[in-house]
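>>> Sequence unavailable; structure follows:
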């Protein structure tokens, strides 16, 4: 059952003043009541998977607003040494890491994404661009397969064990985020066109889907929807020299919205 968010606007009651004459005990009382509509909306069940400490998600009219701190809720060497979630680098070395640390950068990494509560496929696809293309369940950002002015290959050595790094402003994932999903059907996050992103496997059949479009999307049921709906998967194809899987290269199959 989907979570319900109920917003009830104020009911204002105006009691008009009454007068009592000196010579009579009669009085007059007029009451005017203004009642406004009770608005009830529902959030998709998938939003319950997002970390409530790092994200705030709510309905606004026909839209869903996702506010995030931009901070990952898991360990990474991109926290500073004295942070409780710091972990020593494994697949990369300290010398290969980008220099910024999540908690000492002094930057405000928070942002907001507003999407339709019922996103539709667009009449034509749109290429992804540099920067955030989605928000992960961890609170951090999803990026495409590009880094700077070219492909990810040159920067792949700076990625941590979970496929993330900082470059240059915020912590984000380029690869399948092993901190919370590894060769499974788990929810990864939401792409900025309003469609959800899942791991390499499909909940509908328990294995790798074979009917994916160029973006890794298809229409089927999920663990969060008993009616078939369009969503993305991490495509089960190794990317270049990383030996890992790109989260999302695009193009968007819906209309992308700004993350700012």
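All right, it came through fine. Predicted model only: the values in this text are computed from it and were never measured.
>>> going forward, measure contacts between C-alpha atoms and count neighbours the same way
Fine.
>>> Can you get me a residue count around residue 193?
The number of residues packed around residue 193, counting by other C-alpha atoms under 10 Å, is 24.
>>> Flag the shaky bits of the stretch 51-200 of the chain, pLDDT-wise.
149 (pLDDT under 70).
>>> For residue 170, which non-adjacent residue is spatially closest?
Of all residues not flanking residue 170 in the chain, residue 109 sits nearest, at 6.2 Å (C-alpha to C-alpha, 6 or more residues apart in numbering).
>>> next one: residue 223
Nearest to residue 223 is residue 203, by C-alpha to C-alpha, 6+ apart, at 6.0 Å.
>>> I'd guessed that neighbour sits against residue 185; true?
Yes: applying C-alpha atoms under 8 Å, one finds residue 203 in contact with residue 185, separated by 5.9 Å.
>>> what about the strands in the stretch 101-250 of the chain?
111-116, 134-136, 141-142, 146-147, 150-151, 164-166, 171-173, 187-191, 196-198, 217-222, 225-233 (DSSP state E, counting those that start in this stretch).
>>> Distance to residue 211 and mean neighbour count for these - can I get that in TSV?
Shown next, in TSV, are those (distance: least, C-alpha to C-alpha, whole Å; neighbours: other C-alpha atoms under 10 Å):
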stretch	distance to residue 211	mean neighbour count
strand 111-116	25	20
strand 134-136	23	28
strand 141-142	23	28
strand 146-147	25	18
strand 150-151	26	12
strand 164-166	28	25
strand 171-173	25	27
strand 187-191	19	26
strand 196-198	15	25
strand 217-222	7	18
strand 225-233	11	17
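>>> and the residue nearest to residue 170, how many neighbours?
17.
>>> Distance of it relative to residue 43?
25 Å (C-alpha to C-alpha, to the nearest Å).
>>> who are the neighbours in contact with residue 163?
Counting by C-alpha atoms under 8 Å, 6 or more residues apart in numbering, residue 163 touches 173-178.
>>> among these, which two are most distant?
Maximum pairwise distance in those, criterion C-alpha to C-alpha, is 11.3 Å, between 174 and 178.
>>> quick one, which of the two is more surrounded?
Neighbour comparison, residue 174 and residue 178: the larger count goes to residue 174, with 25 against 13 (by other C-alpha under 10 Å).
>>> my read: that one touches residue 145, true?
Yes: between residue 174 and residue 145 a contact is recorded at 6.2 Å, counting by C-alpha under 8 Å.
>>> still on that earlier bit, JSON lines for the contacts of residue 163, including distance to residue 195?
Shown next, in JSON lines, are the contacts of residue 163 (distance: C-alpha to C-alpha, whole Å):
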{"residue": "173", "distance to residue 195": "17"}
{"residue": "174", "distance to residue 195": "18"}
{"residue": "175", "distance to residue 195": "18"}
{"residue": "176", "distance to residue 195": "17"}
{"residue": "177", "distance to residue 195": "18"}
{"residue": "178", "distance to residue 195": "21"}
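>>> spatially speaking, which residue is in the middle of this protein?
residue 135 (3.3 Å; C-alpha atoms, centre = their mean).
>>> you'd agree that residue is up against residue 141?
Yes: contact criterion C-alpha under 8 Å: residue 135 and residue 141 qualify, at 4.6 Å.
>>> Which residue is the nearest non-sequential neighbour of residue 83?
Closest to residue 83 by C-alpha to C-alpha, 6+ apart is residue 103, at 7.9 Å.
>>> now that neighbour: how far from residue 182?
Distance from residue 103 to residue 182, by C-alpha to C-alpha: 26 Å.
>>> Likewise for residue 85?
20 Å.
>>> same check, this time on residue 251
Residue 251 is 23 Å from residue 182, by C-alpha to C-alpha.
>>> The helix or strand where residue 56 lies: which residues count as buried?
For residue 56, the element it lies in under DSSP states H and E is strand 55-60. For strand 55-60, a neighbour-count test (16 or more other C-alpha atoms under 10 Å) marks 55-59 as buried.
>>> which one of these sits closest to residue 48?
Among those, and counting by C-alpha to C-alpha, the member closest to residue 48 is residue 57, at 9.2 Å.
>>> Identify the bridge partners of that closest one.
residue 66 (DSSP bridges).
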